[in-house]
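# from the sequence below, what's the structure:
(one chain, ligands or ions: 1)
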Amino acid sequence: MKKIIFGILALALVQGCTSNVKKNVEEVKKYPPFEVQNMDNSIKPGNDFFTYVNGTWLKNNPIPADKNARSTLEELFERNRHDIREIIEEAAASKDAQPGSITEKIGLFYNSGIDSLSLEKQGITPLKTLFEKIESIQSVADVQTVGAFLQTSGVNPFFAIFSNQDAKNSASVIAGCYQAGIGLPERDYYFNNDAPTKKIREEYLKHLTKMFELLKDEPAVAEKNAQTIMKLETQLAKASFTNVENQDPQKTYNKVTVDELKKLAPNLDWKSYFTQIGFPGISEINIYQPSFMRELSNMMNSVPVNDWKTFLRWQLINSTAAYLSQDFVKQNFDFYYTALSGQEKIEPRWKLVLDVTSYSLGEAIGQLYVSKHFPPIAKQKMTDLVMNLKKSLKQRIENLTWMGPETKLEAIAKLDKMGVKVGYPDKWRDYSGLMVSSQPYVLNVLNSLRFEFIYNMNKIGKPLDPNEWGMTPQTVNAYYNPNRNEIVFPAGILQPPFFNLDADDAINYGSIGMVIGHEMTHGFDNQGRQFDKDGNLRDWWTKEDSKAFEEHTNRLVDQYNKIEVLDSTFVNGKLTLGENIADFGGATVAYNAYKLSLQGKEEPKPIDGFTNYQRFFLSYAQIWRTNMRDKELRKRVKTDEHSPAKVRINGVVYNMPEFYAAFPDVKPGDKLFRPVEQRPVIW
Ligand SMILES: [Zn+2]
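Modelled structure (predicted):
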């Protein structure tokens, strides 16, 4: 299910949610902290630290046909999926669930998705009414009315509308409007002329044609419709912000009144649109990409109504294909997973349905999940670790030589005020308004999306709920939210090898310590630093300090721009800057926190021949071990704000003096070696 989280800076890009290995706390404790047999000693740590630590694991763990990558994260997802499966299947098998209860809802939702016999019989019929609505369109006004209706079911034909904190007044929740409408992962796919991208455009045209054929268009009509979609999407893509522009909090802050919106995009009937989506009272809205809205408005006048009908048909089927009969599921998979990511085989149905169920009833399943899989001691230990990391970052800020005292005061105030959430929310969400029944799967999914839409939009104009989470407890990820100035660690990531209750401290500081440091650093990366301690977009930097920050971070941009990931495919240093700062800062702050934790204690003895400081780095490299298909890698370089896994290790360690101290054999002449003057110092 497509989920849109704006403004959240997460640890990793993850697909779907996560989770049949019966696991209990005992087994978690037995997870080995670090396995030396996964290393490749034929590689020098100074030449390629990532492969030195993970080389044998990489050789012995090929990517399964139904995955686009194999990694620590993926393995954790799978383990989690199995935990979640137990919870869901128990609910699904329950014979005495109370009508309207959570147990009944989980069971009905999941069963509707895995009942492949019914899905095949139903085919496209569950969507008949929606397609008829599109068919009945006569005018541009109708295009907008039907588009608005689809929007309330989670289909965002033109743009997404949601609630968000006002970036310059974080206590207030306002409406936001974000560009959408394109079927390829990113605007550059429509314009880049390198061979792999051109091939993807060809495949996309074929995919569009096949989808229209599945909707029973004659082949010639289907082909013509595919061309229409490509043309419209290219026009929308051209007016869209690039992903680097979308990271700019100032550029994407364009709060307007409804009257101003009417001037910006006059060919959309906003009053009617807001009424149609059920929120006629919207008075202010942040338009993230004004150029996009202007072009969309122009297109409302210039594009023939029939082309818009074709566009809405495509939008509807593209959003729902994964929840329909096998022909749609397969065609959707062939393009979005095989052509784009290189994945050979689709995952078993239960896994896909499980992810959607786990998302749709996120906190209901999360509540059961944490009671089974998240020991209270983990919450305590994690809270202590976060405090140590905070102390460490504070010390680092105090000792920075490039930052002046004024800015330091503000930075430390921000760090002191940074909120922390660990494991799961204090208050659980109420799902009583979500209608789930034994109806077709796709209708349960659309109901859930409508429920989410209304839940989200109802926050507009109300006081901000401090208890709210942006991820479910079972998610294997973490995030920093700049508007709330808080770091959040769901229970899902607090498992080995990220967080190992049985490991030596060096291992935990190198993994979860680094994750905590990473999220904290997001508050001080190129985007996060533009927000103050209260989550407001406000410049609290002196001019000199801003300049010094940019000088150091520009060196990081240059370094990453030079890293070739695949044949003539380079890391985008600007796109990944925030994450690279967070990785660099996270590792540095975690290392410093580990050193502080050793004060007054006896130095730990080496384990397996590695000193504790070396084990810190081994642990850090272990959590990012990844085999990834080339196609997926190519896609991520274009779309993912995170650098590829290998780069997240090798691109960080060579800037850290602590790495050279831990591995004194790393010397000039080694591929990773960087002389001191080439190493930036950021946090
Ligand atoms: Zn991050």
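# residue 124: how many residues sit nearby?
18 (other CB atoms under 10 Å). The C-beta positions use only the backbone N, C-alpha and C, and glycine is treated the same way.
# ok, it to residue 309 distance?
Noted for residue 124: a distance of 17 Å to residue 309, by CB to CB, to the nearest Å.
# need the longest helix for the protein.
helix 376-399 (DSSP state H).
# tell me what it is packed against?
Applying 3 or more CB pairs under 8 Å, 6 or more residues apart in numbering; DSSP states H and E, we find helix 376-399 packed against helix 405-417, strand 419-423, strand 486-490, helix 514-522, helix 577-597.
# highest mean neighbour count out of these?
Of all these, helix 514-522 has the most neighbours on average by mean count of other CB atoms under 10 Å, namely a mean of 28.
# and it, anywhere near the ion?
No. Helix 514-522 does not reach the ion (CB under 5 Å from the ion); its nearest approach is 5.5 Å.
# the closest residue to the ion within the stretch 151-300 of the chain: neighbouring residues, count only.
Closest contact between the stretch 151-300 of the chain and the ion, by CB to the ion, is at residue 247 (12.1 Å). Look at residue 247: counted by other CB under 10 Å, it has 20 neighbours.
# show me what stretch 572-581 is in contact with.
9, 243-244, 247, 521-522, 524-528, 553, 556-561, 637-638, 640-643, 651-652, 682-683 (CB atoms under 8 Å, 6 or more residues apart in numbering).
# what pairs with the longest strand anywhere in the chain, and is each one parallel or antiparallel?
Looking across the chain with DSSP state E, the single longest strand is strand 169-179. Strand 169-179 pairs in its sheet with strand 159-166 (antiparallel), strand 284-287 (parallel), by DSSP bridges.
# so can I have CSV of the helices and strands packed on helix 376-399 showing distance to residue 674 and mean pLDDT?
What follows is these, written out as CSV (distance: least, CB to CB, whole Å; pLDDT from 0 to 100):
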stretch, distance to residue 674, mean pLDDT
helix 405-417, 26, 98
strand 419-423, 34, 97
strand 486-490, 29, 97
helix 514-522, 20, 97
helix 577-597, 12, 98
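# got TSV for these, with distance to residue 321 too?
Putting these into TSV (distance: least, CB to CB, whole Å) gives the following:
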stretch	distance to residue 321
helix 405-417	44
strand 419-423	35
strand 486-490	29
helix 514-522	34
helix 577-597	31
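# closest to residue 330 out of the ones you listed?
strand 486-490 (32.3 Å; CB to CB).
# tell me which strands the closest one pairs with, and in which orientation.
Counting by DSSP bridges, strand 486-490 is paired with strand 419-423 (parallel), strand 479-481 (antiparallel).
# contacts for it, please.
By CB under 8 Å, 6+ apart, strand 486-490 touches 382, 386, 418-424, 469-481, 515-516, 519-520, 522-523.
# which residues are in contact with the residue lying closest to the residue of the stretch 151-300 of the chain closest to the ion once chain neighbours are set aside?
Computed as CB to CB, 6 or more residues apart in numbering, the closest residue to residue 247 that is not its neighbour in sequence is residue 527, at 5.7 Å. By CB under 8 Å, 6+ apart, the contact set of residue 527 is 9, 247-249, 482, 578.
# and if you look at residue 429?
Contacts of residue 429 (CB under 8 Å, 6+ apart): 362-364.
# return the closest of the residues you listed with respect to the ion.
residue 362 (21.0 Å).
# am I right that the closest one is in contact with residue 469?
No. Assessed by CB atoms under 8 Å, residue 362 is found out of contact with residue 469, at 9.1 Å.
# tell me how many other residues crowd the nearest residue to residue 682 once chain neighbours are set aside.
Leaving aside its sequence neighbours, residue 682 sits nearest to residue 552 (CB to CB, 6+ apart; 5.2 Å). The local packing of residue 552 (other CB under 10 Å) involves 15 other residues.
# swap in residue 115?
Residue 115 has 17 neighbours, counted by other CB under 10 Å.
# what about it, distance to residue 100?
For residue 115 relative to residue 100 (CB to CB), the value is 21 Å.
# can you tell me the element the residue nearest to residue 682 falls in?
Using DSSP states H and E, residue 552 falls within helix 543-561.
# contacting residues around residue 222?
209-210, 212-213.
# show only the entries of the contacts of residue 429 found in helices.
Per DSSP H, the contacts of residue 429 map to helices at 362-364.
# was I right about residue 666 contacting residue 45?
Yes. Residue 666 is in contact with residue 45 according to CB under 8 Å; the separation is 6.1 Å.
# tell me which of these two has more neighbours.
Using other CB under 10 Å as the criterion, residue 666 and residue 45 rank with residue 45 on top: 24 against 21.
# spatially nearest residue to that one, not counting backbone neighbours?
residue 52 (4.6 Å).
# now do residue 367
Nearest to residue 367 is residue 428, by CB to CB, 6+ apart, at 5.3 Å.
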